[in-house]
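>>> Build the 3D model from these lines:
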Amino acid sequence: MRESYKISEIAKIFNISRRTLIYYDEIDLFKPYYIDEENGYRYYSEHQTYVLRFIIALKNSGFSLNEIKKYTNFKSIEESQEFLESKIEAMKEKIKNLEKSIEIVKIKYDQLEKVKSSEGLKPGIVTDINFKMIIIDVKKPYGYVQTEKAFKELSQIEKNLQLKEKKHVAIVGMKNLKKLNVYPLKFVGSVIPDELEHSAAINVEEKKCATITHKDSFENLKNSYKKLMDFIEDNSYKIIGNSLEISSEEKIQLEGGIGEVIEIIIPVKQVL
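Purely as a prediction, here's the structure:
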């Protein structure tokens, strides 16, 4: 049996750098059994190769160096089991968070698929719109900061209601709408299932609406409104209510910048 290995040999065997082994030595995680005082060479024993293999296996399993150091210093099986039990729980929580992240990424991917589709790009008329939503007032002076605070309040309500699918609603008042002032917003909301109850919930019931789907950046939202307003005027309709912008909560990167897929709905009636 070979008595010792140089640091370069250990590094080659385990496909790690000499710098890594020196660092392990510096933090008292994996120290050589002997250092030559004359030339500073580090030497490792045959037995230590098993220890290093164990350390690398733990690292590849998601253990931090501090966790490995702590774990390898335990003196009893009970201590080791307790530590590993807490590590398993932490890993389960990490998996749970990763699963949530995957769902968000999937939503963004699906949103981009919708952007590629031509569906909804041309203005049209829809009938019998019915849904329930929570509505939150945006505080004066109705700027971006106040809007974000309203959405934050809305997010907490959504969390309390344990909503699985989130559809946000932005409301543009009739006066601003007719001037194509799509900002600022005075109200924001969230679509909720009919069976849920909340003090801020209202029922939306519209017999006829002009609609278009905005599939561009926020900066170009006014362009979609212009198309829809022209359609309303050209087809002898009259606006009779606030505009509702329905979208997911996920923003996406588009060619023109950050945006969303937004369904714009404006209540109208035919002018005879």
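
>>> can you map out the helices along this structure?
7-14, 18-26, 46-60, 65-72, 77-116, 144-161, 174-178, 221-234 (DSSP state H).

>>> which stretch in those helices has the least confidence?
For the helices of the chain, the weakest mean pLDDT is recorded on helix 174-178, namely a mean of 87.

>>> Please name whichever of the helices of the chain is nearest to E38.
helix 7-14 (15.6 Å; C-beta to C-beta). The C-beta positions use only the backbone N, C-alpha and C, and glycine is treated the same way.

>>> Pull the residues that contact that closest one.
With contact meaning C-beta atoms under 8 Å, 6 or more residues apart in numbering, helix 7-14 is reached by 5, 17-18, 20-22, 32, 41-44, 49, 52-53, 56.

>>> Would you indicate which residues of that helix are buried?
By 16 or more other C-beta atoms under 10 Å, the buried positions in helix 7-14 come out as 7, 10-11.

>>> okay, those in JSON lines with distance to D36 next?
Formatted as JSON lines, the buried residues of helix 7-14 follow (distance: C-beta to C-beta, whole Å):
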{"residue": "I7", "distance to D36": "11"}
{"residue": "I10", "distance to D36": "15"}
{"residue": "A11", "distance to D36": "17"}
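
>>> one step back: pull out the buried residues from the contacts of helix 7-14.
Among these, those classed as buried by 16+ other C-beta under 10 Å are 5, 21, 32, 42-44, 49, 52, 56.

>>> want to try TSV for the residues you listed, with distance to Q162 as columns?
TSV is the format used below for the buried ones among the contacts of helix 7-14 (distance: C-beta to C-beta, whole Å):
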residue	distance to Q162
Y5	57
L21	50
P32	55
R42	57
Y43	60
Y44	55
T49	52
L52	48
I56	42
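
>>> Among these, which pair sits farthest apart?
Spatial extent of the buried ones among the contacts of helix 7-14 (C-beta to C-beta) is set by the pair Y43 and I56 at 19.3 Å.

>>> In the beta-sheet assignment, what are the partners of the residue lying closest to G189 once chain neighbours are set aside?
Nearest residue to G189 in three dimensions, chain neighbours excluded: V169, at 3.8 Å (C-beta to C-beta, 6 or more residues apart in numbering). Beta-bridge partners of V169, counted by DSSP bridges, are G189, I246.

>>> ok, and the closest non-adjacent residue to F54?
Spatial nearest neighbour of F54, excluding adjacent residues (C-beta to C-beta, 6+ apart): T72 at 7.7 Å.

>>> How about the contacts made by that neighbour?
29, 51, 54-55.

>>> quick one: which of the residues you listed is most hemmed in?
Among those, the one with the most neighbours (other C-beta atoms under 10 Å) is I55, at 20 neighbours.

>>> so what's that one up against?
Counted by C-beta under 8 Å, 6+ apart, I55 has contacts 24, 29-30, 68, 72.
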